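Chemist: the sequence and its predicted three-dimensional model are supplied below.
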Amino acid sequence: MVFSTLSAIFVGGEILELVTQSGLVAKFVLLTLLIFSLISWAIILSKWGTLQRARVQSGRFIRAFRKAQRLQDIAAVAEQFRPSPLVGVLQGGFDEFRRQMGSTGAVRSILAIQRAMQIAASEEISRFERNLPWLAITGAVTPFVGLFGTVWGIIDAFHGLGTAGAATLRAVAPGISEALITTAAGLVAAIPAVIAYNLIGNSIREFAARSDDFALEMMNAVERQQAEARPAVGAEVRR
């Protein structure tokens, strides 16, 4: 345990020393990679928290929706489940449902309600996908940025070797080891971004499928409420 800790400190100290001794181009590349990495981690943590809250609230919202007797009942309390994208789908469909009911007292077009929910679902998924392309850019670009730093460092090392005229491994090894740090830094920035991009993208696709399923449930609820309202309207007319 103590040996591994000391080894980590020693290796970390060596890496820090190599970074401080690297050239101006290598330092610029490392700074660029650090900026990419910090922004990526900020997006990853933010999206992770958003998706976790949405997942929890979606489960609660679905249970409340299925217990509600009327659409008006669940629409009145939907805002407390707001992190869920299903709330936006409900509000989009319910607004169209209310407009149709307000003008004629009946649903004229169930397809209009379906289209309103599809638009709302698309807006919610777009909200989840905001800033996500940055992770793809980080995963695709940073390895090449690190490779550029490595190539530049190797060129500089061999140029120094030719100038010094000492064709030995001892003369060229420090320059090459400094150069390879940028490749390692590029991979450190890229790997978490690629993993997070795929995991977050998969979660968003699950929410998209869940939104489509909920839209179908919503249409069933609209049709049920309309079917229950017709006998009541007929009784009022007869009286």
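Modeler: Received, thanks.

Chemist: okay, buried residues for the strand or helix carrying residue 91 please.
Modeler: If you go by DSSP states H and E, residue 91 is part of helix 85-104. Across helix 85-104, burial judged by 16 or more other C-beta atoms under 10 Å covers 85-94, 96-97, 100-101. For glycine as for every other residue, the C-beta is placed from the backbone atoms N, C-alpha and C.

Chemist: state which helix of the protein is the longest.
Modeler: Using DSSP state H to define each element, the chain has its longest helix at helix 169-238.

Chemist: for that one, name the packing helices and strands.
Modeler: When contacts are defined as 3 or more C-beta pairs under 8 Å, 6 or more residues apart in numbering; DSSP states H and E, helix 169-238 packs onto helix 2-21, helix 24-67, helix 71-77, helix 85-104, helix 110-129, helix 133-164.

Chemist: so how far is that helix off the chain centroid?
Modeler: 7 Å (C-alpha atoms, centre = their mean, to the nearest Å).

Chemist: can you check what angle separates that helix from helix 24-67?
Modeler: 20 degrees (axes from the mean of the first three to the mean of the last three C-alpha atoms, to 10 degrees).

Chemist: follow-up on the earlier one: in TSV, list the helices and strands packed on helix 169-238 along with mean pLDDT and distance to residue 185.
Modeler: Formatted as TSV, the helices and strands packed on helix 169-238 follow (pLDDT from 0 to 100; distance: least, C-beta to C-beta, whole Å):
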stretch	mean pLDDT	distance to residue 185
helix 2-21	50	9
helix 24-67	92	5
helix 71-77	87	50
helix 85-104	86	36
helix 110-129	92	28
helix 133-164	83	5
